[in-house]
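K.L.:
below is the sequence, then the predicted model.
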Amino acid sequence: MTGSVPADRFVDRLLAAGFDFFVGVPCSLVKTLLAELERRELYLGETREDAALGVAAGAYLAGRTPVVIMQNSGLGVSLNALGSLHFLYRIPALLLVTWRGYQGEDAPEHLVMGEVLPRLLELFGVPFRAPLAEAMDADVDWAAARIRDTRRPVALVVRPGIFA
Amino acid sequence: MTLTDALAVLAPAVPDGTVCIHANGHIGRAGCAARDRDECFYMIGSMGLASSIGLGIALAQPRRRVLVLDGDANVLMNLGTLATIAAEAPPNLLHVCFDNGAHASTGAQPTITDRVRLDEVARAAGYRFAGRVETRAALAAEAPRFLGREGPAFLLVRIALGPPGPPAPRIPHAPEAMTARLRRALGTGR
């Protein structure tokens, strides 16, 4: 693992790329990011990840470009919303999905999803990148462009240690 | 009072320009048949999320009135959002739940709303208003009042199961077309 991205700079980058609605369920890998969004009063905490996706879909229908923040455990909860709402209705969102269980080194409850995460995103047709810190800015812009071009969800996978 | 009867009372009373998010199953079909407008969005999947979609619109466009047309099994599937809606307290969000005590579109398997009153759940969560009507006359009296209330407001409309089979044809609009027309109606491009 190389350097890390300061949370405030990452939020600036998301805003500059046009993302303007933030909803999710927490994960420790993004705690500094969530704290920064809370500090700016930009973040809505939901009870479940699929509900967060529903709120994000509503925000998109009302003109926003949403980011949905979740732990990869929550991706399992989200699959029906992605399939029968976002993909079906051409409603995009940037999914910021943390990678618990990365390289098999984590608490046992994270190992199964950690192992399959990239394959699950591929299988479901969600384009994604899992940037190191240096590539984060470029990959935010990539995600914003994909959303504008395809109106489908895209994901940035957050490895451990990315956010300072 | 069946779902179709209830919508015949409620739909004409909804002010023009109100966004209506219909839950999946029979509610969208019957709602589309009762009164279709560009501001109407019909879910054909993602059961449970009509209330979440309504919340997102209400928060993103605080001056736009948003009405969620939900069902008992849908609300039960996403109970957590009653809490989120109450906590966020958008004054422009109204939430109707048609409660027939069953999963009507999958064979009328019973839900648990014969024992669990969802209007009381919404009240306990902290909705600004939570009410219940059980007859067509009561709905006709309450509808104009309810539609003018400050949200978040919840109205449970107790209905009887209709005749077997769907109450109306499938939604005639392609999902993607519904997204586009609602975004246009909300002034946000394609």
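P.N.:
Yep, that arrived. Numbers count the residues shown, from 1 in each chain, chains lettered A, B, ... in the order given.

K.L.:
ok, residue A:144 to chain B distance?
P.N.:
According to CB to the nearest CB, to the nearest Å, residue A:144 and chain B sit 16 Å apart. In short, each C-beta sits where N, CA and C put it, glycine included.

K.L.:
chain center to the host helix or strand of that residue, what's the gap?
P.N.:
Residue A:144 belongs to helix A:136-150 when elements are defined using DSSP states H and E. Put simply, helix A:136-150 sits 12 Å off its chain's centre (CA atoms, centre = their mean, to the nearest Å).

K.L.:
which of the residues in it are buried?
P.N.:
Buried residues in helix A:136-150, counted by 16 or more other CB atoms under 10 Å in any protein chain shown: A:136, A:137, A:139, A:140, A:142, A:143, A:144, A:146, A:147.

K.L.:
packing partners for it?
P.N.:
helix A:7-16, strand A:94-98, strand A:128-129, strand A:154-158 (3 or more CB pairs under 8 Å, 6 or more residues apart in numbering or on different chains; DSSP states H and E).

K.L.:
winner for burial among those?
P.N.:
strand A:94-98 (a mean of 27; mean count of other CB atoms under 10 Å in any protein chain shown).

K.L.:
chain center to it, what's the gap?
P.N.:
Computed by CA atoms, centre = their mean, the separation of strand A:94-98 from the middle of its chain amounts to 1 Å.

K.L.:
do the same with stretch B:170-184
P.N.:
In terms of CA atoms, centre = their mean, the centre of stretch B:170-184 is found 17 Å from the chain centre.

K.L.:
hmm, that stretch in reach of chain A?
P.N.:
Yes: Stretch B:170-184 reaches chain A (CB under 8 Å from any CB of the partner chain) through B:175, B:176, B:178, B:179, B:182, B:183.

K.L.:
okay, and which of the residues you listed map to helices?
P.N.:
B:175, B:176, B:178, B:179, B:182, B:183 (DSSP state H).

K.L.:
which one is the first one nearest to, not counting chain neighbours?
P.N.:
Closest residue in space to residue B:175, ignoring its immediate chain neighbours: residue A:89 at 4.3 Å, by CB to CB, 6 or more residues apart in numbering or on different chains.

K.L.:
next, the contact list for that neighbour, please.
P.N.:
A:57, B:175, B:176, B:178, B:179 (CB atoms under 8 Å, 6 or more residues apart in numbering or on different chains).

K.L.:
next, work out how far apart the closest residue to the last one other than its chain neighbours and residue A:132 are.
P.N.:
Computed as CB to CB, 6+ apart, the closest residue to residue B:179 that is not its neighbour in sequence is residue A:89, at 4.7 Å. Computed as CB to CB, to the nearest Å, the residue A:89 to residue A:132 distance reads 33 Å.

K.L.:
what residues does chain B put near chain A?
P.N.:
When proximity is defined as CB under 8 Å from any CB, chain B approaches chain A at B:21, B:41, B:43-61, B:64, B:78, B:80-81, B:83-84, B:88, B:175-176, B:178-179, B:182-183, B:186-189.

K.L.:
where does the prediction get shaky in the chain?
P.N.:
Defaulting to chain A. Residue ranges of chain A with pLDDT under 70: A:1-2.

K.L.:
not quite, I wanted chain B
P.N.:
Residue ranges of chain B with pLDDT under 70: B:189-190.

K.L.:
in space, what's closest to the most centrally placed residue in it - neighbours in sequence excluded?
P.N.:
By CA atoms, centre = their mean, chain B has its centre lying nearest to residue B:69, at 0.9 Å. With sequence-adjacent residues excluded and distances taken as CB to CB, 6+ apart, residue B:69 is closest to residue B:22, at 4.7 Å.

K.L.:
equivalent analysis for residue A:64, please.
P.N.:
Distance criterion CB to CB, 6+ apart; nearest residue to residue A:64, sequence neighbours excluded, is residue A:21 at 3.9 Å.
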